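Novice: what follows is a protein structure lacking sequence information:
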């Protein structure tokens, strides 16, 4: 299981524009990092580079377990979740069908899915097609996938944006439970997370 992430001397560009250069970031089990910086600073690009969807211009991204560096592709396949701006839900599937599919695909089980349904209070929504859900309900369903198939590293892009104040706090409680179990979170944010997190400003790496 991934228990540390070490990023060293990382540089990423988009087109002809360099987003950040010589970036260093270490994250340990039980730690949350809130990525800050203005629009275009590279918050989303950093998450996607960690997840392996963007090839950096230079530098190193290492996933570590018990002080041993893991093979990166395998660590990504088995050890992280990426939740972006788009929910990635099939509109004609019911919430139950979507969550069940994602749980199986990502290696979860029925017990974990039941825990996710309870934690995000999805029971009244399970028979509804995802296209009929509100933005906040769709985000709750997407966050539930993280709980239904536990993986140590959560990469979250504005995870609380569509949620009201009550659900921001409840989602924050689920994130804190993940950290308490030894998980890690890196979240791109504009607004503060509803729990203590280490701020990391990308503005100084352009």
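Specialist: Now that the structure is in, tell me what you want to look at. Please read all numbers here as calculations on a predicted model, not as lab measurements.
Novice: after the helix ranked longest in the chain comes which helix or strand?
Specialist: Longest helix in the chain by number of residues (criterion: DSSP state H): helix 165-180. Sequence order places strand 184-188 as the next helix or strand after helix 165-180, per DSSP states H and E.
Novice: may I see the buried residues of whichever helix or strand comes after that next one?
Specialist: Read in the C-terminal direction, the helix or strand following strand 184-188 is strand 198-201, with elements assigned using DSSP H and E. By neighbour count, with 16 or more other Cβ atoms under 10 Å as the criterion, the buried positions of strand 198-201 are residue 200. In this view, the C-beta of every residue, glycine as well, is placed from N, C-alpha and C.
Novice: what does the longest helix of the chain contact?
Specialist: By Cβ atoms under 8 Å, 6 or more residues apart in numbering, the surrounding residues in contact with helix 165-180 are 30-32, 119-120, 136, 140, 143, 146-147, 150, 154, 159-160, 163, 185, 193-195.
Novice: and the pLDDT at the residue sitting furthest away from the middle of the chain?
Specialist: No residue in the chain has its C-alpha farther from the mean C-alpha position than residue 16, which lies at 27.3 Å (Cα atoms, centre = their mean). In the predicted model, residue 16 carries a pLDDT score of 85.
Novice: which parts of this protein are strands?
Specialist: When assigned using DSSP state E, the strands of the chain occupy the ranges 4-14, 17-28, 32-36, 58-65, 68-69, 80-83, 153-157, 184-188, 198-201.
Novice: so the residue farthest from the centre of the chain versus residue 47, what's the distance?
Specialist: The span separating residue 16 from residue 47 equals 22 Å under the rule Cβ to Cβ, to the nearest Å.
Novice: just residue 84 next, same as before
Specialist: 8 Å.
Novice: so the two - more neighbours on which side?
Specialist: residue 47 (22 against 18; other Cβ atoms under 10 Å).
Novice: one step back: so can I have TSV of the strands of the chain showing distance to residue 175?
Specialist: Below are these laid out as TSV (distance: least, Cβ to Cβ, whole Å):
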stretch	distance to residue 175
strand 4-14	17
strand 17-28	14
strand 32-36	7
strand 58-65	20
strand 68-69	26
strand 80-83	11
strand 153-157	8
strand 184-188	6
strand 198-201	14
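Novice: out of those, which comes closest to residue 90?
Specialist: Between residue 90 and those, the shortest separation by Cβ to Cβ is 16.3 Å, and it involves strand 80-83.
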